Structure formats: structure tokens, C-alpha cells
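Enquirer: Okay, structure incoming, though there's no sequence with it:
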């Protein structure tokens, strides 16, 4: 299925997401929409939120740095070093032992096949990308232990040691998750970011992940149009470039067709220095639609709605927002996607397995790889088994 983005409509209004772009989707059937909406609400009152009959999936488990293992980090308030504070000082075995217990506790069903998202934000595993605080602390610790090193030796060794141990922690954590719950789709929240396209040595993390969860949070980009007319649209292009072309676009690039990409959406405005009052404001309908529906046109497989609801008052406000604004929008998006999937299926050439517009050796290769299975795409004639008949049909289509 092709998704052409020239804009999209919302009950009598139109919002242009970006320049026209052709994207390839999965060609999913109507009963399994090619774009789905999920929730990952957290906080003491998260379970009280009711989406009614809106087609929302509750199949996301979130792990945070304080609920998974013993990630080394420097506490922002106290400055205390937790589990060594720095990757190279961490007790790796203690971290992994705690991770094992935390994963089994959070996902007791070994057959669970939802989305497992690790939200770790204190540092990133690449020296050039991580925060200055961790670079300086690493250099300072290594300087104390190796006073004979020159500045050049210190700099190069600090980078090497930091990345070696940071990789071991992040890679080992997700590998443990995949071993314990192999049917889950494991990945790190907000990875990748668009800027990671310019960072060297990232492939190991992309290979380790089963899915990608880039952020399309509006944060400091957009503000309510109703109270700040004009300012929001001035920031609009910057938001699209960073969140969609950057974060989401790069995620889709590295995921290819094999791994799902689900964008994380937080339906609130961020905190601006000049507008601190925006911190807990829920998105206006126009901006909510962009956040929930926009990823569809960047070929995401879905969107995950996140929010923290720690108090009953916030739960009441959020429930009203869900009932009056978000749930109807989700229903509208779902209906649109199902209809587009139906139209695409009617126009689909079965032999064009990857829906790229051509029947070629790539399609034949896919059928060969799934020979003997019941893979729906490779089963060209729909008889429930991929066999020589399906191979022959693709070969004939190639020859013409």
C-alpha cells in the first residue's frame, strides 16, 4: 500500500503535514490495520482512564531507569552516583540480576507479544552524543586513576572506555529482555533521534532492537493557537523537520520493512522558558491530530500515546479529554486507515509481494524464503500454503 502525503482532512478542516512524499506501507488487511494506536499511560491513576469503544490497543509495557535493573547514573538533584554513576564503574552483574527479576515481574506471561519499551534517558551510549556531564565525569575519574596519561591519551581512552561499557549495558539489557520474552518487540524509547544519522558506530543498537520508538512530542515546538495566534505556525516547520523528517524518518530508514516503527506521542505542550504555564496543557484538537495521525504519512506502523497520571484530579481532566477529543479522533483515524487498506487491497497485484509497483526477483525471493509456510503475502493464490503454485505465479508475472 502506498501512502501519499499531501495533507489530510479532519471533519471539515484540512491540515497539511508536509511536502508530498511517496511511502510504502505493509499492505495489511482491514481486520489488521496497517496503522494502529496504542496506550502507555503511567501513574497511580492510569488504569482509571477509559477509552470506551475507541480502537486503542493496551499492549505496551514501559520500563524506566528506576523500574528496570540498576542503570548507572548521576542523580540530577543530589549528584549521588547510583551503581557507580558512570558506565565503566557500574556493577554490571548486579544490574543484569535486577533486570531479570524486573522483567519477569512486569511481564509474567512468557508468550506475551506486545511492545516492550525501555525508557532510559540519563546518558546515551555514544561519546559524541551523550551529555557533557557524563563526558566530564568520565574524564575526571580516568584522570585520577591514570595520572601518567597525556591529555590526548586521556581523551581517546575516555571515549573508548565509555562507549565500550555503555554498549555492554544497553546491549546486554535488551538481549536479556529478548531472551526472557522472545515474542515481545523490544526497543529503547526515543531511539533513534534524527541526529543519530550523523553519529558513528550506531548499528549495533539498531541490530539489537526488535522495534523502534521515536518521539514526536511537540515539547517546545508548538503552542496553543487559541491563545498565541501565529506563534504556533511559526514553529510548525521546525517541529515537522525535527520530529517527523528527523526522528521518525530516520527510524523508518533503519527499520526497513522488517521491524515496526511506532511513534511516541505525548498529548501535551512542553515547557517554554517564556511560557511555563504550558507545561501541563493538553493539546488542542488540531495539534492532537497532527501528533496522532501525522506518523501514518511517514510510514509508521502506529503511534503510542503516553502520559503520566499520578493524581485523581489529573485523571478527571484527562478522562474528559479522552472522551470528548481523543477517542473520537482515534475512531476517525482508524476508519480512514481501514478504508485506505481496503482500497489498496482491491488494487493490489498479489504477485507484487512488497507492493513496490513491480513484480520482480525481490518478490520471487520473498516467496522462496517463505516456502512451505502459511505466510499471507507469499501465498499468492490464497490456498493456505506457500508452494510451487505460488512460485510459478510470480515467475509468470515477471516474464509477463
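Expert: Cool, got the structure. The structure presented is a predicted model; accordingly, all values stated were derived computationally and were not measured.

Enquirer: Which residue of this structure lies farthest from its centroid?
Expert: The C-alpha centroid of the chain is most remote from residue 148, which lies 44.3 Å away (Cα atoms, centre = their mean).

Enquirer: just the helices in the stretch 301-400 of the chain please.
Expert: Per DSSP state H, counting those that start in this stretch, the stretch 301-400 of the chain carries helices over the ranges 312-321, 327-347, 361-369, 388-399.

Enquirer: Go through these and find the least confident stretch.
Expert: Lowest mean pLDDT of the helices of the stretch 301-400 of the chain: helix 388-399, a mean of 85.

Enquirer: Chain neighbours aside, what residue packs nearest to residue 209?
Expert: The spatial neighbour of residue 209 that comes closest, neighbours along the chain excluded (Cβ to Cβ, 6 or more residues apart in numbering), is residue 187 at 4.2 Å. No exception for glycine: its C-beta is placed from N, CA and C like everyone else's.

Enquirer: is it true that residue 397 touches residue 359?
Expert: Yes: applying Cβ atoms under 8 Å as the test, residue 397 and residue 359 come out as touching, 4.2 Å apart.

Enquirer: Quick check: the gap between residue 235 and residue 219.
Expert: Look at residue 235 and residue 219: by Cβ to Cβ, to the nearest Å, they are 10 Å apart.

Enquirer: oh sorry, the question was meant for residue 96
Expert: Residue 96 sits 33 Å away from residue 219, going by Cβ to Cβ.

Enquirer: how about the strands in the stretch 101-250 of the chain?
Expert: Under the criterion DSSP state E, counting those that start in this stretch, the stretch 101-250 of the chain contains strands at 115-119, 185-188.

Enquirer: can you count the residues close to the nearest residue to residue 374 once chain neighbours are set aside?
Expert: Closest residue to residue 374 apart from its sequence neighbours, by Cβ to Cβ, 6+ apart: residue 384 at 5.7 Å. Residue 384: 9 surrounding residues under other Cβ atoms under 10 Å.

Enquirer: Next: residue 301.
Expert: Residue 301 has 22 nearby residues by other Cβ under 10 Å.

Enquirer: and it, backbone torsions?
Expert: Main-chain dihedrals, residue 301, degrees, to the nearest 10: phi -90, psi -10.

Enquirer: now it, nearest residue through space, not along the chain?
Expert: residue 260 (4.3 Å).

Enquirer: Then residue 74?
Expert: Nearest to residue 74 is residue 85, by Cβ to Cβ, 6+ apart, at 4.9 Å.

Enquirer: Contact partners for the one you found?
Expert: Going by Cβ atoms under 8 Å, 6 or more residues apart in numbering, residue 85 touches 72, 73, 74, 137.

Enquirer: Run through the bridge partners of the nearest residue to residue 184 once chain neighbours are set aside.
Expert: Nearest residue to residue 184, sequence neighbours excluded (Cβ to Cβ, 6+ apart): residue 116, at 4.3 Å. Beta-bridge pairing of residue 116 under DSSP bridges involves residue 61, residue 186.

Enquirer: you'd agree residue 264 is up against residue 215?
Expert: Yes: assessed by Cβ under 8 Å, residue 264 is found in contact with residue 215 at 4.8 Å.

Enquirer: so what's in contact with those two at the same time?
Expert: By the contact definition Cβ under 8 Å, 6+ apart, residue 264 and residue 215 are jointly contacted by 189, 190.

Enquirer: so how many other residues sit close to the nearest residue to residue 126 once chain neighbours are set aside?
Expert: Distance criterion Cβ to Cβ, 6+ apart; nearest residue to residue 126, sequence neighbours excluded, is residue 199 at 5.1 Å. Counted with other Cβ under 10 Å, residues neighbouring residue 199 total 15.

Enquirer: pLDDT at residue 199, what is it?
Expert: Looking at residue 199, its pLDDT is 93.

Enquirer: Next: residue 274.
Expert: We note a pLDDT of 49 for residue 274 in this prediction.

Enquirer: cool, residue 350 as well?
Expert: pLDDT recorded at residue 350 is 87.

Enquirer: That one: neighbouring residues, count only.
Expert: The number of residues packed near residue 350 is 17, by other Cβ under 10 Å.

Enquirer: I figured it was touching residue 380, is that so?
Expert: Yes: between residue 350 and residue 380 there is a contact at 4.8 Å, judged by Cβ under 8 Å.

Enquirer: what touches both of these two?
Expert: By Cβ under 8 Å, 6+ apart, residue 350 and residue 380 have these common neighbours: residue 393.

Enquirer: re the thing from before, OK, contacts around the residue nearest to residue 126?
Expert: Residue 199 makes contact with 126, 128, 129, according to Cβ under 8 Å, 6+ apart.
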